[in-house]
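S.K.: Please work out how this folds:
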Amino acid sequence: MSFLVLLGTLIAERLLLHYQQLRGAEWFARWMEFQQSLPVGQGLRDGMLGLVLLLLPPLLAVLAIQALFGGLLGGLVGILFAAAVLLYCLGPRDLDSEVVQLVEAARQEDRARAEAIAGDLPDAGTGPREITSDHQMAENVLAAAQRRIFGTVLWFLLLGPAGALLYRLARESTLLVVSQARPALEQPSRKLLYLLDWIPSRMLAGLFALAGNFETTVRAWQKSEQDDGDDLQLTRRAGAGALQLDSSLERVEAAPLDSGAVSSAMSLVWRSLVILLALLGLATVAAWLA
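M.R.: Residues are numbered from 1 along each chain as shown. Below you'll find the model as predicted:
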């Protein structure tokens, strides 16, 4: 059933792009501010315990709604609720639309605009926001794909709607602790997101190997594991390997922008998503026939 929910949600997401502003997290920012104002001990607002108490109420709300109403109408309410939560947790900005803008800026030789768009693709703090080569633009597309699409999808498949919401709120918390000046929550929120990124980054590296050049992807994957970099770095390196990019090339100011690398990166993302859906579809059919 997860496969059908996922497939339907991804189709609906493409049809509802004009409503993507509804996927904002302003409510979570207000809840975070309210938690900070509560007359409780500092230990209940800061550190890992404070982060758990921040994330637990919305996650429990999702689990409660799913448990209480998920079985109504033969389970249809549960399916629609799961799809709605997943749809909310994707993005929130549409990666494909931003890549189109990036490619257009590159074709117009507007390097400043292209680099600004590319630098803003990943979440804050996941860099590189300062672009030093055209191929780094492509790597930022791949990093953004993990955070906006594949991480959410994987945790939805593993834990249902609560898993998708957990990943989305973990991402949001790493951004909000900076904007709300809550340094005591910064390290726990980044540590949680690091843990949640561990499986998606390796799943995505495997999909890149199937969707791109297998040999160079595996070599890049192995090198990243040996270097013990962060999980997004693994995604960048594996994706660059799949596309056979040389990200070490330095920027040449007078050289034309290479929009082809960015377009290839987005194509790799779509191919990887199709492969994932195909594998899930085969697994679903096999389960039905068993």
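
S.K.: where in the stretch 101-250 of the chain is pLDDT low?
M.R.: 124-133, 228-229, 246-250 (pLDDT under 70).

S.K.: Report the buried residues of stretch 272-285.
M.R.: Ser272, Leu273, Leu276, Leu280 (16 or more other C-beta atoms under 10 Å). (C-beta placed from N, C-alpha, C; glycine too.)

S.K.: Check stretch 151-160 too.
M.R.: For stretch 151-160, a neighbour-count test (16+ other C-beta under 10 Å) marks Gly151, Thr152, Val153, Leu154, Trp155, Phe156, Leu157, Gly160 as buried.

S.K.: Tell me which of the buried residues of stretch 272-285 fall in helices.
M.R.: Those of the buried residues of stretch 272-285 mapping onto helices are Ser272, Leu273, Leu276, Leu280, per DSSP state H.

S.K.: just those now: which is nearest His18?
M.R.: Leu273 (21.5 Å; C-beta to C-beta).

S.K.: Would you agree that closest one is in contact with Arg148?
M.R.: No: if you go by C-beta atoms under 8 Å, Leu273 and Arg148 don't touch, sitting 11.6 Å apart.

S.K.: which residues are in contact with both of those two?
M.R.: Counting by C-beta atoms under 8 Å, 6 or more residues apart in numbering, no residue touches both Leu273 and Arg148.

S.K.: Not counting its own residues, what contacts stretch 42-59?
M.R.: Against stretch 42-59 from outside (C-beta under 8 Å, 6+ apart): 28, 31-32, 35-36, 38, 162, 165-166, 169-170, 173, 182, 184-185, 188-189, 191-192.

S.K.: Mind giving me the PyMOL select for these, buried ones only?
M.R.: In PyMOL, a selection of the buried entries from those looks like this (16+ other C-beta under 10 Å):
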select buried, resi 28+31+32+35+162+165+166+169+170+173+182+185+188+189+192
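
S.K.: Mind checking which of the contacts of stretch 42-59 land in helices?
M.R.: 28, 31-32, 35-36, 162, 165-166, 169-170, 173, 184-185, 188-189, 191-192.

S.K.: Adding distance to Ala114 and pLDDT, write the ones in helices among the buried residues of stretch 272-285 out as CSV.
M.R.: Shown next, in CSV, are these (distance: C-beta to C-beta, whole Å; pLDDT from 0 to 100):
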residue, distance to Ala114, pLDDT
Ser272, 24, 97
Leu273, 24, 97
Leu276, 29, 97
Leu280, 35, 95
